[in-house]
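Need coordinates for the following:
(chains A and B)
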Amino acid sequence: MLLKYLTGKNEDIPAGSSAIFFGFSSIFWFVVGTGLGSFNAAKLAFPDFVTGTELFAFGHMRQVHVLAVIVGWISMAFAMTMMYMTPALGNTKLWSEKLGLWTGMMWNIGLSTALLSLWIGITSGREYSDFAWPLDLVILLGVITPLCVNVIMTIAHRRTQGIYITNWFFGSCTFMVGIVLLVGNSPEYFHLTGLSEAYLTWWNAHNLLGLWITPVAAAIAYYTIPKLTGNPLYSHRIGHMHFWSIIVFYSTPASHHIMSSPIPEWLKSFASVEGVLILIPAVAFVANILLTMKGKWTLFVENIETKFSMTGVLLAIPLNMQGGFQQTRSINWYIHGTGWIVAHAHLALLGMSTFLEIAAVYFGLQQMLKRKVYSLALANIHYWFVLIGFCIYWISMTIAGLIQGAGKIYEVPYIDVVIAEHPYMIARWVGGTMVFTGNLVWLFNMWMTARAGTVLPEGRYAHELAYER
Amino acid sequence: MGWKMDNPLYSLSDEQEQQDILKKWGEERMGGLIHPGNNRLPFPLTFLIALIILTAFLITMPIWGQRPTAELYKVHVELMNTPEVERLATPEEKMKYLDAEAMKRSASHPDSRNKGQLERHPIYWDDLLNLAPQIIELQKQTKYPLDNFTVVGDKIVLANFEGNIRPDGVRERLQPWWDKGFTIDVFYVGYYCLWMVIMIKRLPHFSKKPQVPAY
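This next block holds a predicted model:
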């Protein structure tokens, strides 16, 4: 059927096809990504686990996990939400379902090739932009550009006069991430080395978070929470504050990732202040969503999509409190290069962002398939496995990071630090494996939803029918 | 796009513009159910944002999180070969003595940060053996004082700060209170606040709510 749509006319493709394609692809990559994460964590917890094969060495596997999760799960879930939220908010159809399906196809092929190349050791060696430069170009031109065109053209062809906040973010972020990838990968295109390479590597990594992952995840909540609660978004003006502070403050502090490097100190001072000011969009976003929930907090317990969404929103609080302050000179000297940072990165990607995306994928797939989720019990098991697994991971790695920080400052012999943090490495593996298990349950549940979920009556939303089953 | 400047803290849009926006918000059914609300920024949120801006500058002030300077270990180097230190048997005992002496002298040092810096950047006997020749070498030159040099791992390098220009035309390698980074930040935050005030005040006054039709 996919082949038929890919070669057929745009008008003949049912609305929502590309959202469904992206939705299932994202869940698949989430299972792959967290499975790899669990495998890698096992290697840290049990050093004798799978040794002797270069391909399965931690150095080969780590970046495959990271990019499977970022490019596969997170970004494809974003694309999925854009495929159904953008047209819905403009009271129109997606500009081109066919382009959406081709983008999804290119994405899966490109990502599989890129991850395979990483696995066998073809890498730029630059964190978060590890792919070799031809693959960077494929991602930019074959994936991000068509996605951007589809989103912006859908907004341009909307049948509303205004543009809702979610679409501000979708339109601008798909454009900005293209610029980030183009500029951020320039050390590979122009063979830049030394400080220029270091700075641009972290400019790329920082802005992937700041101008793609965090704002798009927040944009999703601006759609899902009013939709699920039936409340209007609390304040349009706080939305303005959130949007513009992301543009102004989140795009600038890249050098706070390399506070120990010999870049000019004034640049570090500038970035450090801007880094704390990232709390402004965070506070605006969280406040706006929490106030939108007014009178509907029972949904936090009763409704699975709200449960996931609000957990993501609440996790944005510790995420930004950590992020805002850990980059200052006074804290960075202690936690830089330790497991604390690993914990923080997982709080951003597996905590705040993932929970918001899971909610949107649940919501979107049910609407696009016009079927109610196959099993609410399995959905709840998924929620608790991911939440508990994440918390175990986050807390254990944070503690391990503090131990490493102390070891670093007080020059404790490295092997003593390794021994001290071993229990936390086991906890990390347990937590990560719980997340992976939860995702297997999710994949099964959504597969069964497509095959045997209760059909939604015309014009009804899945969450409205929570007690009809 | 009617502008009105007579009462800028109320709204920068004229009455017609405000009504048009409210009508649009009330009538447009984006995605079926979604409407933007027109509530004001709650006072605690405004307070929090002001607090964040203040904190951002205070917590990144030059008094915090500095790398150790070569000046910090001057006393250690001065005393490490004295008979008092040589009499001590173990490197731990030697460092304990040297740290205590350095702390004692730092109490009378005009820069009150030194005591805290010494606590935050402890070194061991092996480190000192490595750093001492470099510090002795630096003491022979007169262009920069020792506190213009930072200790980075096992090396001592000229700091990357761009400070005040001395009468002899040399730029100090100390972080000045007017650090260029902070100065840019002040303008950046200023422009952001100005832009936000204009953006927000162009919206209808928060006392006016969009009329949402019943579904």
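
alpha carbons only for contacts and neighbour counts from here, please
Fine.

what about stretch A:131-148, start to end distance?
Stretch A:131-148 has an end-to-end distance of 21 Å (C-alpha to C-alpha, to the nearest Å).

Could you check that stretch and say which residues are buried?
Across stretch A:131-148, burial judged by 16 or more other C-alpha atoms under 10 Å in any protein chain shown covers A:131-133, A:135-140, A:142-148.

Inside helices: which ones of those?
Secondary structure defined by DSSP state H assigns A:133, A:135-139, A:145-148 of the buried residues of stretch A:131-148 to helices.

quick one: which of the residues you listed is nearest to A:A271?
Taking C-alpha to C-alpha as the measure, A:A271 lies nearest A:D136 of those, at 26.9 Å.

Tell me, what's the model's pLDDT at the closest one?
On pLDDT, A:D136 comes in at 94.

Kindly report the same for A:A466.
Listed pLDDT for A:A466 reads 55.

For B:M80, the count of nearby residues, please.
Neighbourhood size, B:M80 [other C-alpha atoms under 10 Å in any protein chain shown]: 19.

contacting residues for it?
B:86, B:94, B:98 (C-alpha atoms under 8 Å, 6 or more residues apart in numbering or on different chains).

would CSV of those residues with distance to B:D154, neighbour count and pLDDT be doable?
Below are these laid out as CSV (distance: C-alpha to C-alpha, whole Å; neighbours: other C-alpha atoms under 10 Å in any protein chain shown; pLDDT from 0 to 100):
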residue, distance to B:D154, neighbour count, pLDDT
B:E86, 23, 13, 94
B:K94, 20, 20, 96
B:L98, 19, 22, 95
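
Mind checking which of these land in helices?
Cross-referencing these against helices under DSSP H gives B:86, B:94, B:98.

which stretch of helix or strand covers the residue of the stretch 301-450 of chain A found nearest chain B?
Using C-alpha to the nearest C-alpha, the closest approach of the stretch 301-450 of chain A to chain B is made by A:S330 at 3.5 Å. Taking DSSP states H and E as the criterion, A:S330 maps to helix A:329-335.

immediately after that helix, which helix or strand?
helix A:339-346.

Give me the neighbour count for the residue of the stretch 151-300 of chain A found nearest chain B.
Nearest residue of the stretch 151-300 of chain A to chain B, counting by C-alpha to the nearest C-alpha: A:F270, 3.9 Å away. Neighbourhood size, A:F270 [other C-alpha under 10 Å]: 25.

Helix, strand, or coil at it?
Under DSSP: H, G, I helix; E, B strand; the rest coil, A:F270 falls in the helix class.

and the nearest residue to it once chain neighbours are set aside, what pLDDT?
Once flanking residues are discounted, A:F270 sits nearest to B:G181: 3.9 Å by C-alpha to C-alpha, 6 or more residues apart in numbering or on different chains. Here, the pLDDT recorded for B:G181 equals 92.

now swap in A:E11 and tell me
Looking at A:E11, its pLDDT stands at 89.

Confirm that it sits in a helix.
Yes - according to three-state DSSP, A:E11 belongs to a helix.

Quick check: it vs A:V151, distance?
The spacing between A:E11 and A:V151, counted by C-alpha to C-alpha, is 18 Å.

just A:E421 next, same as before
Distance from A:E421 to A:V151, by C-alpha to C-alpha: 46 Å.

Who has more neighbours out of these two?
It is A:V151, of A:E421 and A:V151, that has more neighbours when counted by other C-alpha under 10 Å, with 28 against 20.

So what's the gap between the strand or helix carrying the more buried one and the chain middle?
Assessed by DSSP H and E, A:V151 sits inside helix A:145-156. Helix A:145-156 sits 20 Å away from the centroid of its parent chain (C-alpha atoms, centre = their mean, to the nearest Å).

tell me the average confidence for it?
The model assigns helix A:145-156 a mean pLDDT of 98.

Quick check, central residue of the chain?
By default, I'm working from chain A. A:I74 (3.7 Å; C-alpha atoms, centre = their mean).

The intended chain is chain B.
Closest-to-mean residue, chain B, C-alpha atoms, centre = their mean: B:T60 / 1.8 Å.

correct me, but A:G312 touches A:L350?
No - contact criterion C-alpha atoms under 8 Å: A:G312 and A:L350 do not qualify, at 9.3 Å.

any chance of the ones in helices among the buried residues of stretch A:131-148 in a markdown table, with distance to A:L319 too?
Output for these, formatted as a markdown table (distance: C-alpha to C-alpha, whole Å):
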| residue | distance to A:L319 |
| --- | --- |
| A:W133 | 31 |
| A:L135 | 31 |
| A:D136 | 29 |
| A:L137 | 31 |
| A:V138 | 32 |
| A:I139 | 28 |
| A:T145 | 30 |
| A:P146 | 31 |
| A:L147 | 28 |
| A:C148 | 28 |
